[in-house]
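J.: sharing a sequence plus its predicted fold:
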Amino acid sequence: MPAPDAGARPQFDLHWRLQLSREFAGLEQAELADRAGISRATISSAENGHRVPSRATLRMWAMATGVAFDWLTGSDVPVRAAVSSHPTQSRRRSANKVT
């Protein structure tokens, strides 16, 4: 029997995690903007992978959606598990690094 932590850990780029967290919270972009105090344009750009939000914005995003900051930024996943289960991961790999 495999160890309990030996299961697959699908990787998601930052922009996918941002969108998933918003959808998990049941929020539209405008609702998240109001809750987090950030612009809807910032949310749209981040979810589309065109812009990487600041750490402060990511913290507000996590609090507003009720997800862990570590999950949102991907720091809960071992570095070795770098293969994405989503077909568009390679599209914006460099643009999705958290600074």
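T.: That came in fine, so what should we check first?

J.: leaving out sequence neighbours, find the closest residue to residue 43.
T.: Ranked by C-beta to C-beta, 6 or more residues apart in numbering and with sequence neighbours excluded, the top spatial neighbour of residue 43 is residue 29, at 4.7 Å. Bear in mind the C-beta positions are built from the backbone N, C-alpha and C, glycine included.

J.: run a quick check on that neighbour versus residue 22, I expect a contact.
T.: Yes. Here residue 29 reaches residue 22: they are 7.1 Å apart, a contact under C-beta atoms under 8 Å.

J.: the more surrounded of those two?
T.: residue 22 (23 against 17; other C-beta atoms under 10 Å).

J.: for the host helix or strand of that one, buried residues please.
T.: Per DSSP states H and E, residue 22 falls inside helix 14-24. Residues of helix 14-24 classed as buried: 14-22 (neighbour count, 16 or more other C-beta atoms under 10 Å).

J.: and the residues you listed as a markdown table, adding pLDDT and distance to residue 38?
T.: Formatted as a markdown table, the buried residues of helix 14-24 follow (pLDDT from 0 to 100; distance: C-beta to C-beta, whole Å):
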| residue | pLDDT | distance to residue 38 |
| --- | --- | --- |
| 14 | 92 | 15 |
| 15 | 93 | 15 |
| 16 | 93 | 18 |
| 17 | 94 | 16 |
| 18 | 96 | 11 |
| 19 | 96 | 15 |
| 20 | 94 | 17 |
| 21 | 96 | 13 |
| 22 | 96 | 12 |
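
J.: with just CA atoms, put the host helix or strand of residue 31 into PDB.
T.: If you go by DSSP H and E, residue 31 is part of helix 29-36. As requested, the backbone C-alpha atoms of helix 29-36 are provided in PDB (Å, rounded to 0.1, in the frame of the first residue of the first chain):
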ATOM      1  CA  GLN A  29     -14.100  39.300 -10.400                       C
ATOM      2  CA  ALA A  30     -15.900  42.500  -9.300                       C
ATOM      3  CA  GLU A  31     -16.900  41.000  -6.000                       C
ATOM      4  CA  LEU A  32     -13.300  39.900  -5.300                       C
ATOM      5  CA  ALA A  33     -12.100  43.400  -6.200                       C
ATOM      6  CA  ASP A  34     -14.500  44.900  -3.600                       C
ATOM      7  CA  ARG A  35     -13.600  42.400  -0.900                       C
ATOM      8  CA  ALA A  36      -9.800  42.500  -1.500                       C
END
